[in-house]
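Asks: Generate coordinates for the sequence data below:
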Amino acid sequence: MTQAATVESVVRAMQQHRKYLERRSGGVRLNWPMLDLRGRRAKGLLLTEAQLPGLLAAASQLLDAGFERADLFGADFTEADLSGSRFARADLRGARLTKCVLKGTDFFEADLRPGQLVDKRTAESKERSVDLEGATLDAANFANCDMTGANLAVSSARGAKFAQATMFGVNLCGADLEGANFAGAKLKGATLNGAKLRGASFRGASLKDAVLRNVDLSSCDMGGADLSGAVYRSSGSQLPEDVGRIIGGHAEWIRTNGAGGQRGDFTTLSLTGLDLTGADLSGALLSGTPLARAKLVGALLVLADLKGADLTEADLSQSILNGADLSGADLTRAKFRGAMLEPMEIVGPQGQKTGRSLAVRMRNARISATDFTGAMLKDAILEGATIETPLLAGADVRGSGFERR
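Replies: Presented below is the predicted three-dimensional model:
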């Protein structure tokens, strides 16, 4: 059948499909590639086991529909309302579910892996990941699903079930996952930067090499979870409310490239002694901020404004501070082991290369017994800095003020 069809022909085909499912005379399994249901409204459609690759259902309202075991390869459900629908064991490889409403929808054991889609104009094959960005997935069931590489950024999946799901490399940045169940899920290499995880369960889950910057795990059930190689804040204590709120807004500012959220301004706060391991504070305003004894291991502080900050005995090991401004900062006994403090390339408005870069500046900083073991300090500017017994074993100081001393 072709994509173009009358309402009557669609209804007739679906009636024959129902007969097929009920094993009645005259039944014919629905096989309709590129079926066009865009903007249509229906409730209780029975499309179990239907062959509907490339289904076009953007902006539709298909409530309580049955898509169990259906072939929906490359389907487009953009902005559709599929609340209460059932997709158990359906083939949804490469499907688009951007900004969908999927409240209470059942995806048990569905296949949500990337799909190899062929462009008919060029005959070229292109991989497309399942896109659930901005979707409403509250109380949806993704248990045992294969969601490898899926995009669930800024989705709302409060109370959703992801138990035993395969979620290698999924994007959950900025998602609201309050009360979600990831027990036994495979989240190796997943990105959860800025996600809201209050009350979520990761019991027995694999989070190997996952990235959880600007995430609070203090209220999560992490029993038996594997966090080896993951970037996360290990402290069990919750951050102060005002600090957590600013970090959350800053994470959104970073994710949207400044279009949303708010640039983190910590200049009126004290971050003394706080655990900010793995935090992404790139471009944040930290001028004059008390950060003594703070734990910033593996943190991102690219282009951060740290002028005059108190970093006495702070631990910034393995952190990245390319292009940061540390002028006038107190770095006494601070640790920068394996940290990167190199020039940051300046790009134009469209992301184009300009051939210019911004070096790390430590003008007039206090550098006393500061540990730069194994750090990258190429071209760092130390004009006017007070330098007393720094530890520079294995550090790359080419072109920096250290080299010229």
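Asks: Distance check, the residue nearest the centre of the chain against Glu49.
Replies: Nearest to the mean C-alpha position of the chain, by C-alpha atoms, centre = their mean, lies Cys173 at 2.5 Å. In this view, Cys173 and Glu49 are 35 Å apart by C-beta to C-beta, to the nearest Å. For every residue, glycine as well, the C-beta is placed using N, CA and C.
Asks: any idea how far Trp253 lies from Ser282?
Replies: 10 Å.
Asks: Please enumerate the strands of this protein.
Replies: Using DSSP state E, the strands of the chain run over 41-43, 61-63, 115-119, 124-128, 344-347, 353-358, 366-368, 386-388.
Asks: wait, which of those is closest to Pro290?
Replies: Pro290 sits nearest to strand 366-368 of all these, at 14.6 Å, using C-beta to C-beta.
Asks: Could you give the average pLDDT over that closest one?
Replies: Averaging pLDDT along strand 366-368 gives 97.
Asks: same check, this time on stretch 238-246
Replies: Averaged over stretch 238-246, pLDDT sits at 91.
Asks: Next, the buried residues of that stretch.
Replies: Under the neighbour-count criterion of 16 or more other C-beta atoms under 10 Å, stretch 238-246 has 239, 243, 246 buried.
Asks: OK, contacts around the closest residue to the second one other than its chain neighbours?
Replies: Computed as C-beta to C-beta, 6 or more residues apart in numbering, the closest residue to Val243 that is not its neighbour in sequence is Leu269, at 6.3 Å. Remark: with contacts taken as C-beta atoms under 8 Å, 6 or more residues apart in numbering, Leu269 is in contact with 242-243, 246, 289.
Asks: so which of the strands of the chain gets nearest Leu137?
Replies: Among the strands of the chain, the nearest to Leu137 by C-beta to C-beta is strand 61-63 (15.6 Å).
Asks: what residue ranges in this protein are flagged as low confidence?
Replies: 1-5, 118-123, 235-236, 348-351, 404-405 (pLDDT under 70).
Asks: residue boundaries of the helices in it?
Replies: Secondary structure of the chain (DSSP state H): helices located at 7-21, 241-255, 401-404.
Asks: any chance of those in JSON lines, with distance to Ala294 too?
Replies: Converted to JSON lines, the helices of the chain look like this (distance: least, C-beta to C-beta, whole Å):
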{"stretch": "helix 7-21", "distance to Ala294": "62"}
{"stretch": "helix 241-255", "distance to Ala294": "11"}
{"stretch": "helix 401-404", "distance to Ala294": "24"}
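Asks: surely the residue nearest to the centre of the chain meets Asn193?
Replies: Yes - the criterion here is C-beta atoms under 8 Å, and Cys173 meets it with Asn193 at 4.8 Å.
Asks: quick one: common contacting residues for those two?
Replies: By C-beta under 8 Å, 6+ apart, Cys173 and Asn193 have these common neighbours: Arg255.
Asks: how about the strands of the chain in JSON lines, adding distance to Ser400 and mean neighbour count?
Replies: Below are those laid out as JSON lines (distance: least, C-beta to C-beta, whole Å; neighbours: other C-beta atoms under 10 Å):
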{"stretch": "strand 41-43", "distance to Ser400": "66", "mean neighbour count": "11"}
{"stretch": "strand 61-63", "distance to Ser400": "62", "mean neighbour count": "19"}
{"stretch": "strand 115-119", "distance to Ser400": "49", "mean neighbour count": "14"}
{"stretch": "strand 124-128", "distance to Ser400": "43", "mean neighbour count": "12"}
{"stretch": "strand 344-347", "distance to Ser400": "15", "mean neighbour count": "14"}
{"stretch": "strand 353-358", "distance to Ser400": "14", "mean neighbour count": "10"}
{"stretch": "strand 366-368", "distance to Ser400": "11", "mean neighbour count": "19"}
{"stretch": "strand 386-388", "distance to Ser400": "11", "mean neighbour count": "13"}
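Asks: Of all those, which one comes closest to Ala185?
Replies: With C-beta to C-beta as the criterion, Ala185 lies closest to strand 115-119 of those, at 21.5 Å.
Asks: residue contacts, Glu342?
Replies: By C-beta under 8 Å, 6+ apart, the contact list for Glu342 reads 322, 359-360, 376-380.
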